[in-house]
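Engineer: Test case, fold it:
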Amino acid sequence: MNVLVVSAHPSEKSLHATLRSVTLEEIERVGHVIRHRDLYAEAFNPVFTPYERVNHVGDLQQKLAHLPELASYVHDLQWCDSLVLVYPTWWSAQPAILKGWIDRIFMSEVAWTLPEGASRITPLLTNVRRLVVVTTHGAPKHINVLQGEAGKRIALRSIRAMFHRRVRTNWIGIYGLDHSDDASREKIINDVRRRVRRAMR
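Structural biologist: Numbering: from 1, shown residues only. Below you'll find the predicted structure:
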């Protein structure tokens, strides 16, 4: 299985960095081929440009010729059959750098197309048959539910809709992190390790 792991956190000393490492270790342990894109380490530019807005629906090769820095990210999405996102949930959703990756890479003729005369888009990333999200939340689960869980809806509804219609999804959400201690964090690490291993079998 070809697995694309996209991670987004600015600190290498964070619990998130440990969870990212654990996720990569477990995917490799199962025997899959991995490509890892660390958006902060790569200094990915999340800004959706005026050119991209004007040419939102347009020829893909022409867009990539104008935006060559996006080509490898596009190729990664077209290569993988599993997408794993590892990130902290901030303000109920994905960090800006990851949301910008979604805005810029899930473009027309990569993730979807809108046939002439049609009222609904057609998904193009049907190569992706598995979506796994590993994310942390500072607040407890019930607070996230009250806030509407925007990030969860972006991942499991909007992004998912671009994939194979029978895509398998796993939401590995860690809640209440703001009130955790060393002992509970060790349990979190072990829990993520177990859940990732099970999701990737």
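Engineer: Now do the contacts for S14.
Structural biologist: Residues near S14 by C-beta atoms under 8 Å, 6 or more residues apart in numbering: P88. Where you see a C-beta, it was placed from the backbone N, CA and C, and this is true even at glycine.
Engineer: hmm, 10 Å instead?
Structural biologist: For S14, the contacting residues are 20, 88, 136, by C-beta atoms under 10 Å, 6 or more residues apart in numbering.
Engineer: In JSON lines: these, plus neighbour count.
Structural biologist: As requested, these are arranged in JSON lines below (neighbours: other C-beta atoms under 10 Å):
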{"residue": "R20", "neighbour count": "23"}
{"residue": "P88", "neighbour count": "22"}
{"residue": "T136", "neighbour count": "24"}
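Engineer: Now that we have these, can you turn them into TSV and tack on pLDDT?
Structural biologist: Listed next are those as TSV, based on pLDDT from 0 to 100:
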residue	pLDDT
R20	97
P88	97
T136	95
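Engineer: Closest to I154 out of those residues?
Structural biologist: P88 (14.4 Å; C-beta to C-beta).
Engineer: Show me the beta-bridge partners of that closest one.
Structural biologist: P88 has these beta-bridge partners by DSSP bridges: T136.
Engineer: Would you mind measuring from it to R166?
Structural biologist: 29 Å (C-beta to C-beta, to the nearest Å).
Engineer: As a quick check, tell me the outermost residue of this protein.
Structural biologist: G117 (30.9 Å; C-alpha atoms, centre = their mean).
Engineer: How confident was the prediction at that one?
Structural biologist: pLDDT for G117: 81.
Engineer: Is it in a helix, a strand, or coil?
Structural biologist: coil (DSSP: H, G, I helix; E, B strand; the rest coil).
Engineer: how much space between it and N55?
Structural biologist: 21 Å.
Engineer: now swap in D191 and tell me
Structural biologist: Relative to N55, and taking C-beta to C-beta, D191 is found at 44 Å.
Engineer: In terms of packing, which of the two has more residues around it?
Structural biologist: N55 (16 against 13; other C-beta atoms under 10 Å).
Engineer: got the contact list for the more buried one?
Structural biologist: Taking C-beta under 10 Å, 6+ apart, one finds 49, 62-63, 66-67, 107-108 in contact with N55.
Engineer: if we go to 7 Å?
Structural biologist: K63 (C-beta atoms under 7 Å, 6 or more residues apart in numbering).
Engineer: Model confidence score at it, please.
Structural biologist: 92.
Engineer: how close does it sit to S108?
Structural biologist: 9 Å.
Engineer: Over to S92?
Structural biologist: Counting by C-beta to C-beta, the gap from S92 to S108 is 27 Å.
Engineer: now swap in R197 and tell me
Structural biologist: 36 Å.
Engineer: List the buried residues in stretch 31-40.
Structural biologist: 32, 34, 36-39 (16 or more other C-beta atoms under 10 Å).
Engineer: which residues touch the helix or strand where I27 lies?
Structural biologist: Using DSSP states H and E, I27 sits within helix 15-30. Under the criterion C-beta under 7 Å, 6+ apart, residues 3, 5, 7, 9, 11, 34, 36, 84, 86, 88, 134, 136, 185, 189, 192-193, 196-197, 200-201 lie in contact with helix 15-30.
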